[in-house]
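K.L.:
Structure for this input, please:
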Amino acid sequence: MRARPPFRGWLGWGLASGLAVVGAGAAGAGLPFETVAQGAHSRLTEALDVVVRTADEWTALWARHAGPGPPPAVDFARQLVVAVFAGRRPTSGYRIEITGVQVVDQEVRVVSQERAPLAGALSLPVVTTPFHIIRIPRSELTVRVLHSPA
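P.N.:
Alright, predicted model coming up:
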């Protein structure tokens, strides 16, 4: 597990201009993904991107995220888990969404986007901790989470 790196300006430009995550001259193959869990309340309060490759890692992450109890089933012989935690947000209405997974330049790139409450929208003054957890086909390639601007 590692803390989220700072936002990179070129990535924001590329995503905003419709270039997605494929980069200059690279072609990306889209990978299927399935949401395991998504919501506004995680026990993890720091921004964190996590790639989980084993059942033991999954059990430990799930306990940190949701508390005691068994995690959702994942077949780690065929799948791995990618989780994006936004950290604390000051109101309701924030959301993390993983929007795509691609293989580009010998790495798996997972694109996530944080969505903030719309200007003028009603939001509750409660601390939220948005997250999105997915499972993808197992790969031994490096998995990197890219954060696009809202």
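K.L.:
Any idea what the residue nearest in space to the middle of the chain is bridged to?
P.N.:
Closest to where the C-alpha atoms of the chain average out (Cα atoms, centre = their mean) is V84, at 3.1 Å. Beta-bridge pairing for V84 (DSSP bridges): D49, H132.
K.L.:
Against L124, how distant is it?
P.N.:
Separation of V84 from L124 (Cβ to Cβ, to the nearest Å) stands at 23 Å. To be clear about C-beta, it is placed using only N, CA and C from the backbone, and glycine gets the same treatment.
K.L.:
Make sure the residue nearest to the centre of the chain is actually in contact with V101.
P.N.:
No: using Cβ atoms under 8 Å, V84 is not in contact with V101, being 11.8 Å away.
K.L.:
how about the lengthiest helix in the chain: buried residues?
P.N.:
Scanning the chain for the helix with the most residues, using DSSP state H, yields helix 55-66. Residues of helix 55-66 classed as buried: E57, W58, L61, W62, H65, A66 (neighbour count, 16 or more other Cβ atoms under 10 Å).
K.L.:
I'd like the average pLDDT over that helix.
P.N.:
Averaged over helix 55-66, pLDDT sits at 98.
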